[in-house]
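In: Generate coordinates for the sequence data below:
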Amino acid sequence: MDFAQTTLLVTLTGRDRPGVTARLFTVLAAHELSVIDIEQVVIKGKLVLGALLACDRDPDLTAIHRGIRAVAADLGLEAEITMGSGEPARRRGQLHVTVMGRPLTPAAIAAIAGRIAAGGANIDRMDRLADRPVTCIELDVSGADPDALRAALSRESAEQGVDVAVQRGGLHRRAMRLVVMDVDSTLITGEVIDLLAARAGCAEQIAKITSAAMRGDLDFTASLRERVAMLAGLDATVLDDIKRELRLAPGARTLIRTLRRLGYRCGIVSGGFTQITDRLVAELGLDYAAANTLEITAGKLTGRLTGPVIDRAGKAAALRQFAAEAGIPLSQAVAVGDGANDLDMLAAAGLGIAFNARQVVKDAADASLNVPYLDTVLYLLGVSRDEVEAADQGDSGAPVR
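Out: Numbering: from 1, shown residues only. Predicted coordinates for the structure are as follows:
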């Protein structure tokens, strides 16, 4: 095709109804035209349909205009027809920019769009992925340096109080096939060891150590052993009580059900304990799990662990193992976590997501989510709320039952 000829941009606007696209392209089919691009958006029943076409030979412009305007008039739509020449602009270096807010204000959109324009980039397309429990808009952006745009939008997102993620465009996202999550304060609310500490009467001491370890101020393995030692003598039956009290993060069930329906493998990796994660695996139908194991003798916690410790390096090793078992490269894996011991895992994955994380984790991750809904991870994979609606029943942070 010789693109250095006439181009024709047709835009129809008005109330949406069935058959608009078919009617328009039936008229266009009567002429020697080639389709270059099509975009359609419907907002609250209002349609905007655009078609960019190339004319291979001298077109009968009068007949084309007459036919398009006749169809538009019959459908009660407005038609705009723009002629051009030369090679159509090609999208290059496309990025996906995902913006989430609760609420998402016009000021935030203006600030994000302004940053994109200031970097010399262009917004080629915008689409809404969700309107609840957060509003999520995805922008396709071309002509931007990914690292520079990510840095600029990160600063803007903090100022505007919204989440913004920048990812490579194309089919890369849809190639993701494995999602691995941290457990405490990610898949579930709270930290299991803090719940155990409350039963052992040392909640304040353990909470301080846990917080410092999650920030990265303490060696995780040493701090874990120190905390577990404080639980010595605790009756093992308290683990059953804690299992009954576990609460999933809002959206957790929706996330996992939807991922499984889409053919993803799902796993968890935890610095917590198998006595808890085994229940989650069974309840949620997870494919993989790795965690530490509390030693129990004569029905009492000994204050020690058995087997290798799942620490920062252990989490990354587990991710690699899960990917190998799934038969996929790490570039097709997604990791989600909140603490410093998740950093190696997030770095190893094709997409590392910080979920309500410490600042050190946000700074290192590919994307950061600061809303309490775990299913917003789906939006970073390009999955819309409409696509997950069927899996969204009965999920509002309910107890694991």
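In: how many other residues sit next to Thr26?
Out: 12 (other Cβ atoms under 10 Å). Backbone N, C-alpha and C define where each C-beta goes, glycine included.
In: how near is it to Ala324?
Out: Separation of Thr26 from Ala324 (Cβ to Cβ, to the nearest Å): 52 Å.
In: Now do the phi/psi pair for Leu309.
Out: Check again: residue 309 is Val, not Leu. phi -90, psi 130 (degrees, to the nearest 10).
In: Distance of the residue lying closest to it once chain neighbours are set aside relative to Val20?
Out: Residue nearest to Val309 in three dimensions, not counting chain neighbours: Thr221, with 5.2 Å by Cβ to Cβ, 6 or more residues apart in numbering. Thr221 sits 62 Å away from Val20, going by Cβ to Cβ.
In: before we move on, what about Gly352?
Out: Distance from Gly352 to Val20, by Cβ to Cβ: 42 Å.
In: Which one of the two is surrounded by more residues?
Out: The neighbour comparison of Gly352 against Val20 (other Cβ under 10 Å) goes to Gly352, with 23 against 20.
In: Would you agree that one is in contact with Lys362?
Out: No: contact criterion Cβ atoms under 8 Å: Gly352 and Lys362 do not qualify, at 10.7 Å.
In: What does the pLDDT read for Ala398?
Out: We have a pLDDT of 51 for Ala398.
In: And Phe3, by the same measure?
Out: Per the predicted model, pLDDT is 44 at Phe3.
In: Make 45 the starting number, not 1.
Out: All set: I'll call the first residue 45, so the last point we hit is now Phe47.
In: Secondary structure element for Val224, which one?
Out: Element membership for Val224, per DSSP states H and E: strand 222-225.
In: And Asp238, by the same measure?
Out: Asp238 is part of helix 236-244, with elements assigned from DSSP H and E.
In: Quick check: mean pLDDT of that helix?
Out: pLDDT averaged over helix 236-244 gives 92.
In: what's the angle from the next helix or strand after that helix to helix 236-244?
Out: Downstream of helix 236-244, the next assigned helix or strand under DSSP H and E is helix 247-259. Interaxial angle of helix 247-259 relative to helix 236-244 (axes from the mean of the first three to the mean of the last three Cα atoms, to 10 degrees): 170 degrees.
In: Check the offset of helix 247-259 from the chain's centre.
Out: Put simply, helix 247-259 sits 29 Å off its chain's centre (Cα atoms, centre = their mean, to the nearest Å).
In: Can you tell me what sits against that helix?
Out: Outside helix 247-259, the residues that touch it by Cβ atoms under 8 Å, 6 or more residues apart in numbering are 229, 235, 237-238, 241, 262-264, 267-268, 270-271, 274, 382-385, 402, 404.
In: Only whichever of the residues you listed are buried, select them in PyMOL.
Out: Per 16 or more other Cβ atoms under 10 Å, the buried members of the contacts of helix 247-259 correspond to this PyMOL selection:
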select buried, resi 229+235+237+238+241+262+264+267+268+271+274+382+383+384+385+402+404
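In: now, which of the contacts of helix 247-259 lie within helices?
Out: Under the assignment DSSP state H, the contacts of helix 247-259 contribute Ile237, Asp238, Ala241, Phe264, Ser267, Leu268, Glu270, Arg271, Val404 to helices.
In: ok, the first one - contacts?
Out: Translated: Ile237. Contacts of Ile237 by Cβ under 8 Å, 6+ apart are Asp228, Ile250, Thr254, Arg271, Val272, Leu275, Gly316, Phe317.
In: next one: the second one
Out: With contacts defined as Cβ under 8 Å, 6+ apart, Asp238 is in contact with Ala247, Ile250, Ala251, Thr254.
In: And for the second one, the neighbour number?
Out: Applying other Cβ under 10 Å, we find 23 other residues in the vicinity of Ile250.
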